[in-house]
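**Student:** Here is the input, now give the coordinates:
(2 chains)
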Amino acid sequence: MRRNAAAPPPAEPLVTARREGSRRVLVGVDAAAAALGLRPGLTVAHAQALVPDLHVAEASPEAEGAELTRLAAWCLRYAPVVAADPPDGIWIDVTGAAHLVGGEDALLDDLVDRFGRAGIAARAAIADTPGAAWALARFGRVRRADPWDLPGVLEPLPVAALRLPPDIVDALRRLGIERIGEVLALPGAPLSRRLGLDLCRRLDQALGHVPEPIAPLVPPETIRRRIAFPEPIGAPETLARVTARLCADLCRDLEARELGVRRLDLVFGRVDGGTRAVRVATARPSRDLAHLARLLTDRLEEVDPGFGIEEAVLAATRVEPLPPGQLGVRGIDEADAPLDLGPLVDVLAARLGPARVYRQAPVESDIPERSVTRVAPLAPPTGTGWPGGLGRPVRLIDPPEPVRVTALLPDNPPAAFTWRSLRRKVVCSDGPERVLGEWWRSADEASSFRDYYRVEDERGQRYWIFRDAPSDQGGRWFLHGLFG
Amino acid sequence: MAHAGRERLLADLRQRIDGLGQRKAGRAGVLPFGVPALDAHLPGGGLALGGLHEIMEEGEHGALAALFVAAFLARRPGPVLWCLARRDLFAPALACVGLHPDRVLYAETLREAQVLAAMEEGLRHAGLAGVVGETGRLGLTASRRLLLAAEDSGVPAFAVRRTRAEPEPNAVLTRWRIAPAPSGEASIPGLGRARWRVELLRCRGADPRAWILSGPDAQGRLAPPPDLADRPRAPERRRAAAG
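**Tutor:** Next comes the predicted model:
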């Protein structure tokens, strides 16, 4: 349920209601109303008797449906296969997509958090089957089902978690069956004879015994190309050929509209009704056929064709304007033309993950390990560097390793130190360079500092070692880096 | 007459064989180190650009080796692809030898084995100043692939070896070992420029040899150490006298 500007403050209960025959019943209840014991299905009169100052708004299924579709289209940011599940659900097939946002838990956090900021209270769960995810999101205590223990996760949930019509839930309750585990314990055949096939179908769908395809949502303005095959295909080279053909068609469409693609989804429909999707992203808008085809074919090995693939859809789910290409003036100043790193970044990012291709940029901090940050690989050049003249090691040992140091006088530079059980005699040294803690971060840091020394041993190898306090205050020595 | 003809034939054949062996590696040219003693020893007068070079050092940290490569690439225009699997490279040090952070694109792989694949991808892009990979293993097949890719694009490839193991037989164009050398300035307080023992272990058309050099300056230039450069050529004279 989403509050608009005219809605009452969140602390006051709000419900939406719909006319059913001669009475009005609640359809949606917000958190405050739910806390007061209101549930969908109650009559408005009953609810108002329970909660006198209740705000009742008229439900409008069409507007809610449109809103849900819009939300589902927004969810395409997470994965290529997304579908709205009216009245109040959205499917996202996160197979092979979760690692891009840092794992399944991170994906759920991010999703719920972003919805929350948009004023939408959402619950999300990940499971191996759509049915189980539906059940977990609405009734579960855990957010993520272990793939090897789907029945174990579902058993304690109420039977309503199986997406059953209310009359079947009532019938089961009359039989004294409340939990899914109790349904699982019963023999299947008599159960379906008494209660209809629906129950067994939902049970099988939740447990993954029968596939439940998701019809992927495609926003109407999306540029897409589709090929259906008379015979199922599955050979890797066939998939590659199909991909190249789809790319060629799509690039023509993009060229006609002067668009470049930032994100491409290739969705394969399998004969068993399942879908397998590949998503690639580009750092700059592109409609370079060879480049896009290469990005996609690189990832085709992740696609399991199962018993065969009967259709392939290539959709440009994120596009940006890209004016018609200007032909480079070849031969005149070819050497001066800046190299376009876009294709290289895309290929590496598709193979390693987008966070693993980066540049480094300076941060204004004296603490060595905080003086470097990662920036996007194609971010505009910063032009800045680190302050020159400060010797900095090539290899930073992080975290710093404790070393045993001997010095002639307590506060002298080290005369020898032992690192990784090897004693090194210091021939000459430089320092100290004092690095102060950043007092605005924490009280601990305000009073801390490090005295760095560059020392050279007998062989000529140079080390970066520091002491975290004067020796009379129990300062300890650490090795923080190796110089080249 | 027949003798002269055979001489000419042999010379011609030699030239053709040289041409076959060098293939495209020679086409991309070389970049001199700017150290006369070093450049004079290398075929072509510098480090071949379209080739694969292996830089090792004692131990697994690859600190000197990485700096040696960074200093070399600092003197070339264009972006650098740096492939690594460990997170201990400290970018400010590269900036200290003239390799600006804006120029370096990092590709961090999950496993060390993927470093070589990422390197090969980079080597397809002519226009890069160079491709660096920090890797523990560099076998025959992998090195051949990288060498071919480097020859095709003219982009130099550097394998910074991060292992204590002996180098495997492979197809690198040159193999170097960089070791620290005492900077010998104990009389003066503080540390001066670092000193390296740069050893050419393997190179087509050149004998293995070692030099003592001053470490790179802020523009990435190596230099003969001042005290050695000014020393009179005494040892040679003594040897001549003995012989």
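**Student:** The closest residue to chain B within the stretch 151-300 of chain A: what secondary structure?
**Tutor:** Residue of the stretch 151-300 of chain A nearest chain B, by CB to the nearest CB: A:D298 (9.8 Å). For the C-beta atoms, the positions are set from N, CA and C on the backbone; glycine is no exception. With DSSP: H, G, I helix; E, B strand; the rest coil as the basis, A:D298 sits in helix.
**Student:** Check which helix or strand the closest residue to chain A within chain B maps to.
**Tutor:** Residue nearest to chain A within chain B (CB to the nearest CB): B:L67, separated by 2.9 Å. Following DSSP states H and E, one finds B:L67 within helix B:63-74.
**Student:** For the next helix or strand after that helix, buried residues please.
**Tutor:** Later in the chain than helix B:63-74, the nearest helix or strand by DSSP H and E is strand B:80-84. Within strand B:80-84, the residues scored as buried using 16 or more other CB atoms under 10 Å in any protein chain shown are B:80-84.
**Student:** Help me confirm that B:L31 comes into contact with B:P77.
**Tutor:** No: applying CB atoms under 8 Å as the test, B:L31 and B:P77 come out as separate, 10.8 Å apart.
**Student:** which of these two has more neighbours?
**Tutor:** Shown here are B:L31 and B:P77; by other CB atoms under 10 Å in any protein chain shown, B:L31 has more neighbours (20 against 11).
**Student:** Tell me who's in contact with the more buried one.
**Tutor:** B:46-47, B:49, B:72, B:75-76, B:156 (CB atoms under 8 Å, 6 or more residues apart in numbering or on different chains).
**Student:** where exactly do the helices run in the stretch 351-484 of chain A?
**Tutor:** Listed in chain order, the helices of the stretch 351-484 of chain A (DSSP state H, counting those that start in this stretch) span A:443-446.
**Student:** Repeat that for the stretch 151-300 of chain A.
**Tutor:** Under DSSP H, counting those that start in this stretch, the stretch 151-300 of chain A gives helices at A:166-174, A:180-185, A:188-195, A:197-207, A:236-257, A:289-299.
**Student:** out of those helices, nearest to A:F139?
**Tutor:** Taking CB to CB, helix A:180-185 is the member of these nearest to A:F139, at 9.4 Å.
**Student:** if we can go back for a sec, so what touches the helix holding B:L67?
**Tutor:** A:393-395, A:482-484, B:31, B:33, B:47, B:55-57, B:80, B:89, B:93-94, B:97-99, B:129-130, B:132, B:134, B:158, B:160-161, B:176, B:178-180, B:196, B:198, B:215-216, B:219-222.
**Student:** Filter the residues you listed down to the buried ones, PyMOL style.
**Tutor:** Of these, the buried ones can be selected in PyMOL as follows, counting by 16+ other CB under 10 Å:
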select buried, (chain A and resi 393+394+395+482+483+484) or (chain B and resi 31+33+47+55+56+57+80+89+93+94+97+98+99+129+130+132+134+158+160+161+176+178+179+180+196+198+215+216+220+221+222)
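**Student:** Out of the contacts of helix B:63-74, list just those in helices.
**Tutor:** B:93-94 (DSSP state H).
**Student:** In contact with the closest residue to A:R143 other than its chain neighbours, which residues?
**Tutor:** Of all residues not flanking A:R143 in the chain, A:A125 sits nearest, at 5.0 Å (CB to CB, 6 or more residues apart in numbering or on different chains). For A:A125, the contact set (CB under 8 Å, 6+ apart) comprises A:108, A:133, A:136-137, A:140, A:142-145.
**Student:** run the last query once more with 10 Å
**Tutor:** A:104, A:108, A:132-140, A:142-145, A:153 (CB atoms under 10 Å, 6 or more residues apart in numbering or on different chains).
**Student:** who touches both of B:L31 and B:P77?
**Tutor:** What both B:L31 and B:P77 touch, as defined by CB under 10 Å, 6+ apart, is the set B:A129.
**Student:** Would you point out which residue is most central in the chain?
**Tutor:** Assuming you mean chain A. A:V101 (2.8 Å; CA atoms, centre = their mean).
**Student:** Can you look at chain B instead?
**Tutor:** Closest-to-mean residue, chain B, CA atoms, centre = their mean: B:H53 / 5.4 Å.
**Student:** Wait, a helix at that residue?
**Tutor:** No: counting by three-state DSSP, B:H53 falls outside a helix, being strand.
**Student:** what's the distance between it and B:M119?
**Tutor:** 12 Å (CB to CB, to the nearest Å).
**Student:** shared neighbours, these two?
**Tutor:** B:132, B:150, B:157-159.
**Student:** OK, now which residue of chain A is nearest to chain B?
**Tutor:** A:G484 (2.9 Å).
**Student:** Enumerate every residue touching A:R194.
**Tutor:** A:R194 sits next to A:171-172, A:175, A:186 when contact means CB under 10 Å, 6+ apart.
**Student:** quick one: which of these has the most company?
**Tutor:** Most neighbours among the contacts of A:R194, by other CB under 10 Å: A:L172, with 24 neighbours.
**Student:** and A:V51, how many neighbours?
**Tutor:** So A:V51, with other CB under 10 Å, has 17 neighbours.
**Student:** OK, contacts around the residue nearest to it when sequence neighbours are not counted?
**Tutor:** Excluding the flanking residues, the one nearest A:V51 by CB to CB, 6+ apart is A:L36, at 5.1 Å. By CB under 10 Å, 6+ apart, the contact list for A:L36 reads A:13, A:15, A:29, A:47, A:50-51, A:54.
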